[in-house]
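Student: Based on what follows, work out the 3D shape:
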Amino acid sequence: MSLTRRNIVKLATAGAAAGLLPAATFAQGTKKTLTLGLSAPITGNQAQYGEDIKRGAELAIAELNAKNTVPDISFQLAVEDSKGDPQEAANVAQKFAARGDITAVIGDFSSTASLAAAPIYQRAGIIMITPTASHPDITKTGNFIFRNTPIAATEADATTDWGTKDLGFKKIAIVGRNDDYGRVYGELFKKRAVANGATVVGEDYINAETPDLKPTITSLRARQPECVLLALFQVEAALLFRQSREMNFRPTFMSGAGLFNPQVISLAREAANGLLLVSTYHPASDRAEVKSFVDLFKSKYSIVPSKFSAHAFDAVSLIANAVKTAGSPNTTRIRDALAATKDFAGVTGVISIDPDREIILALQRVMVKNEEFVPWVKS
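Tutor: Residues are numbered from 1 along each chain as shown. Just a heads-up that it's a prediction; the model follows:
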């Protein structure tokens, strides 16, 4: 049989079913290497996110090995660039499946890329855990597919409830990316806002390459929303904040955790002040796990880690914990141990995984004040 891409995946799938992936030759007392894959946008217009994820994963690998977290096993990371593109993410998945030595993959960043890659990992019997993608259908792909960030509905509902219930906003507008991420969040925002008795006065979906949002802002301003719920990435969000300020359009902007990134502030500066968002992670937390992570990250990279780095660090740590619990390099046993995770003390909080392979994790409220992310305090 020729080793075509299709046949390689078939062989990988058969090997996984037989419990042979990764190489089942690890012996007690002998140091062996276990390889994790990382699929992320290292280049392209999502590269900042990919770099954050890569740094978090690399730091976790270094810590695991330095502390000998799993006796007799050394971890290494194989990094591939998905470029933020679904086809490239699928190509990376095929490449990892063909290698035959990949236990689990961290990635991908976006929902679109993750949805494209997940079926390939599932067929190959490779664990996939996305640290960032929130589309609800990702984990429905199969029992090898996990997520360690809240699903879109969790973040969207928490954000909308905060705005419409706690802050009392009645007129809501929605601005999102014109992709899976933006559309899913937009629909969730709208559904929850209406259920809470608010009126959605408009929805706008913008392309990532849009260089000028003034026409969108003009339309928004005419509808006079009290609050604008956002499903954007950092570059377009910063542009929206800057141009809104220039046009004296000043509603309350609210977002899920996607905008909890220092680059939002570095791009928007004072125009980002007043942004409200929910997040699983805050670098100023007094939790020991956060303090240790932030200190290590700053020592290595000289910057404060973003939530994307934190979730990537936790993704690697969760897999290592599952390897240790399983007591075996057998991928199916590792998958089962990962699925049974309960009360794991991660950087992003105390983590459990539910029967649908979704994370159970508390959200906190954050705001931008004086060009810094700070815990939100009701005034």
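Student: Just the buried residues of the helix or strand containing residue 313, please?
Tutor: Residue 313 is part of helix 307-326, with elements assigned from DSSP states H and E. Buried positions in helix 307-326, judged by neighbour count with 16 or more other C-beta atoms under 10 Å: 307-323, 325-326. Backbone N, C-alpha and C define where each C-beta goes, glycine included.
Student: Which strands and helices lie in contact with the helix or strand that it is followed by?
Tutor: Elements were assigned by DSSP H and E; along the chain past helix 307-326, the next helix or strand is helix 331-339. Using 3 or more C-beta pairs under 8 Å, 6 or more residues apart in numbering; DSSP states H and E, the elements in contact with helix 331-339 are strand 102-106, strand 127-130, helix 307-326.
Student: Over helix 331-339, what's the mean pLDDT, rounded is fine.
Tutor: For helix 331-339, the per-residue pLDDT values average out at 98.
Student: Please apply the same query to stretch 271-280.
Tutor: Regarding stretch 271-280, the rounded mean pLDDT is 97.
Student: Pipe the helices and strands packed on helix 331-339 into a markdown table and attach distance to residue 204 and mean pLDDT per row.
Tutor: Below are the helices and strands packed on helix 331-339 laid out as a markdown table (distance: least, C-beta to C-beta, whole Å; pLDDT from 0 to 100):
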| stretch | distance to residue 204 | mean pLDDT |
| --- | --- | --- |
| strand 102-106 | 33 | 98 |
| strand 127-130 | 27 | 99 |
| helix 307-326 | 25 | 97 |
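Student: Reformat these into CSV and put distance to residue 178 next to each item.
Tutor: Formatted as CSV, the entries for these read as follows, by distance: least, C-beta to C-beta, whole Å:
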stretch, distance to residue 178
strand 102-106, 27
strand 127-130, 21
helix 307-326, 22
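Student: Relative to residue 121, which of these is closest?
Tutor: When these are compared for distance to residue 121 using C-beta to C-beta, the nearest one is strand 127-130, at 4.1 Å.
Student: Can you name every helix or strand that the following helix or strand past that closest one contacts?
Tutor: Scanning forward in sequence from strand 127-130 by DSSP H and E, the next helix or strand is strand 145-147. Here strand 145-147 touches helix 111-124, strand 127-130, going by 3+ C-beta pairs under 8 Å, 6+ apart.
Student: Let me know which of the ones you listed is tucked in deepest.
Tutor: Relative to the other members of the helices and strands packed on strand 145-147, strand 127-130 carries the highest mean neighbour count by mean count of other C-beta atoms under 10 Å, namely a mean of 29.
Student: Contacts for that one next, please.
Tutor: If you take C-beta atoms under 8 Å, 6 or more residues apart in numbering as the criterion, strand 127-130 is touched by 103-109, 114, 117-118, 121-122, 138, 144-149, 315, 318-319, 331, 334-335, 338.
Student: how about the helices of the stretch 151-300 of the chain, start to end?
Tutor: Along the stretch 151-300 of the chain, the segments classed as helices by DSSP state H, counting those that start in this stretch run 152-161, 180-195, 214-223, 234-246, 262-268, 288-301.
Student: Identify each buried residue in the fourth one, please.
Tutor: Within helix 234-246, the residues that qualify as buried are 234-245, counting by 16+ other C-beta under 10 Å.
Student: Let me know the closest of these to residue 216.
Tutor: The shortest separation between residue 216 and any of these is 7.7 Å, and it belongs to residue 240 (by C-beta to C-beta).
Student: Make sure that closest one is actually in contact with residue 214.
Tutor: No: between residue 240 and residue 214 there is no contact, the gap being 10.0 Å when judged by C-beta atoms under 8 Å.
Student: got a pLDDT number for the closest residue to residue 196 other than its chain neighbours?
Tutor: The spatially closest residue to residue 196, leaving aside those adjacent along the chain, is residue 164, at 4.1 Å (C-beta to C-beta, 6 or more residues apart in numbering). For residue 164, the model assigns a pLDDT of 98.
Student: cool, the one 3 residues further on as well?
Tutor: We have a pLDDT of 98 for residue 167.
Student: Tell me both backbone torsions, phi and psi, for it.
Tutor: According to degrees, to the nearest 10, the main-chain angles of residue 167 amount to phi -100, psi -10.
Student: what's the burial count for it?
Tutor: Using other C-beta atoms under 10 Å as the criterion, residue 167 is surrounded by 14 other residues.
Student: ok, now which ones touch it?
Tutor: Counting by C-beta under 8 Å, 6+ apart, residue 167 makes contact with 227, 252.
Student: next one: residue 196
Tutor: Applying C-beta under 8 Å, 6+ apart as the definition, the contact partners of residue 196 turn out to be 160-161, 164-165.
Student: mind redoing it with 10 Å?
Tutor: Listed by C-beta atoms under 10 Å, 6 or more residues apart in numbering, the contact partners of residue 196 are 157, 160-161, 163-165, 169-170, 172.
Student: Roughly how far does it sit from residue 91?
Tutor: Distance, residue 196 to residue 91, by C-beta to C-beta, to the nearest Å: 43 Å.
Student: Same question for residue 82.
Tutor: The gap separating residue 82 from residue 91 is 8 Å, by C-beta to C-beta.
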